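Q: Sequence and predicted structure, then a few things I'm wondering about:
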Amino acid sequence: MNIRSPVQGSAPIAPAARNTSPLFPFRRTSHAETEPQRGSPAMKVAVVLNQSAGTLLGLPLDEAVRTIESAFRQTGAEVEVHSARAEGCADAIRNAASSDAGTVVVGGGDGTILSAVNAVMPTGKTLGVLPLGTMNLLARDLGTPLELEAAVHAVAQGSVRPMDVAEVNGEVFLNASILGFYPRVVQEREEQRRRHGLRKWPAMALALVKAVHDFPLLDVHLDFGEGPRRVRTPVLAVSNNPYDEGWGPVVRRATLDSGTLGIYVARHRSKWGLVRLLAGMALGTWHQDEELETLQATTLTVYSRRRRLRVANDGEVRRLTPPLVYRIRPKALNVLYPRTPES
């Protein structure tokens, strides 16, 4: 795997204003974190649960609500819990963001969390995350337990820290933006689910087989500020902060505030090479693939002759008009980091 860091000359982007009304009035610590001061006036927390999220399906909703209310009230906070099905979740999140709550906690998958960022970040409020989705990539990187009750207590007792936000053509993402092979897999997966009524993982398996068989190649030019260079690739991924090596089958980021994008260019020219990369992703050995080029930058522009490019931002497929302009917004979002045994 090749690792390079292009030199950037772009001006830094000013971060969003720090939140002034999280769970409690906070004091600054030596680790750029904030912790609650007991005895301070209670602050308000709005919690929105996506009832259609995979983890919540099959669980008694009333029990989940009681657990959440109890955990936050133990910290002295005033809490209101709202739930909505997938089609009404965005409206519920916007209502929570426009309320007098200083912290908005959202329970759902990474797509639901992305919707919450668009509503919460402009307000300067704090965002909390409960892992109720399938992969829960951001929750994992924040160190959140994946079991609901443990996650609720860890988040309720957490501390506020800023994290970076990445964007492409003005659309934000927290995990990764991927072009080429993966958006095609996601669209094929949803088509299989719609046409045959399959569950998510069987539909994903069929979509992977079909996409590997078709082996689509993306012909683009990448510009890090030093002039464009041509790339033909089955997969181009841009992550909000670089991924770490050696974390196992789920790629992870130990740092969410480095101020840099991770850029991953697959240079595989055969179906077998792509299968080898996918196997490396599953086994956690992807970083050993010599045909995977890894770079870091603060900005990236992707040029293409196509009128539209399919892009998967945190798993949500979009069709964007090139050029695609990626950039990092350092510490633009206040996040409620869960309390861990170490902290």
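A: Sure thing, it's come through.

Q: drop to CA atoms for contacts and neighbour counts, all remaining ones
A: Noted.

Q: Which secondary structure element of this structure has the lowest mean pLDDT?
A: Of all the helices and strands that make up the chain, strand 26-28 has the lowest average by mean pLDDT, DSSP states H and E, namely a mean of 32.

Q: Pull the number of nearby residues for the nearest residue in space to Gly259 that is not next to it in sequence.
A: If you skip the residues right next to it in sequence, Gly259 has Pro330 as its closest partner in space, 5.0 Å away by C-alpha to C-alpha, 6 or more residues apart in numbering. Using other C-alpha atoms under 10 Å, Pro330 has 24 other residues around it.

Q: With the one 3 residues further on instead?
A: The burial count assigned to Leu333 is 27, neighbours taken as other C-alpha under 10 Å.

Q: Enumerate every residue touching it.
A: For Leu333, the residues meeting the contact criterion (C-alpha atoms under 8 Å, 6 or more residues apart in numbering) are Pro15, Ala16, Met121, Gly124, Thr126, Leu127, Pro162, Met163, Asp164, Val165.

Q: And Ala96, by the same measure?
A: Taking C-alpha under 8 Å, 6+ apart as the definition of contact, the neighbours of Ala96 are Ala46, Val47, Val48, Val104.

Q: Show me which strand runs longest in this structure.
A: Among the elements of the chain assigned as strand by DSSP state E, the one spanning the most residues is strand 324-337.

Q: Convert the C-alpha atoms of that one to PDB, please.
A: Provided in PDB are the C-alpha atoms of strand 324-337 (Å, rounded to 0.1, in the frame of the first residue of the first chain):
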ATOM      1  CA  LEU A 324     -16.600  17.100  -7.000                       C
ATOM      2  CA  VAL A 325     -14.900  19.300  -4.500                       C
ATOM      3  CA  TYR A 326     -14.000  17.600  -1.200                       C
ATOM      4  CA  ARG A 327     -12.800  19.500   1.800                       C
ATOM      5  CA  ILE A 328     -12.400  19.100   5.500                       C
ATOM      6  CA  ARG A 329     -14.100  21.400   8.100                       C
ATOM      7  CA  PRO A 330     -12.000  21.100  11.200                       C
ATOM      8  CA  LYS A 331     -13.900  20.700  14.500                       C
ATOM      9  CA  ALA A 332     -17.100  21.900  13.000                       C
ATOM     10  CA  LEU A 333     -19.500  19.700  15.000                       C
ATOM     11  CA  ASN A 334     -19.900  19.400  18.800                       C
ATOM     12  CA  VAL A 335     -20.400  15.800  19.700                       C
ATOM     13  CA  LEU A 336     -21.300  14.100  22.900                       C
ATOM     14  CA  TYR A 337     -18.500  11.500  23.300                       C
END
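
Q: picking that back up, of the contacts of Leu333, keep whichever come out buried.
A: Under a neighbour-count criterion of 16 or more other C-alpha atoms under 10 Å, the subset of the contacts of Leu333 counted as buried comprises Ala16, Met121, Gly124, Thr126, Leu127, Pro162, Met163, Asp164, Val165.

Q: At which residues are the helices of the stretch 151-300 of the chain located?
A: When assigned using DSSP state H, counting those that start in this stretch, the helices of the stretch 151-300 of the chain occupy the ranges 181-196, 200-214, 271-283.

Q: Please identify the most buried of the ones you listed.
A: Neighbour counts averaged per stretch over the helices of the stretch 151-300 of the chain are highest for helix 181-196, at a mean of 18; criterion: mean count of other C-alpha atoms under 10 Å.

Q: for this structure, which spans come out with low pLDDT?
A: Across the chain, the ranges flagged by pLDDT under 70 are 1-42, 54-59, 246-249, 342-343.

Q: Could you work out the end-to-end span of stretch 305-321 for me?
A: Between the opening and closing residues of stretch 305-321 there is a gap of 10 Å (C-alpha to C-alpha, to the nearest Å).

Q: roughly how far out does it sit from the chain middle?
A: Distance, stretch centre to chain centre, for stretch 305-321: 16 Å (C-alpha atoms, centre = their mean, to the nearest Å).

Q: And the contacts of that stretch?
A: Contacts of stretch 305-321 with the rest of the structure, by C-alpha under 8 Å, 6+ apart, involve 110-111, 114, 169, 173-180, 182-184, 186-187, 220, 322.

Q: In three-state terms, label Val48 for me.
A: Look at Val48: counting by DSSP: H, G, I helix; E, B strand; the rest coil, its state is strand.

Q: ok, it - contacts?
A: The neighbourhood of Val48, defined by C-alpha under 8 Å, 6+ apart, consists of Val81, His82, Ser83, Ala84, Cys89, Ala92, Ile93, Ala96, Val104, Val105, Val106, Gly107.
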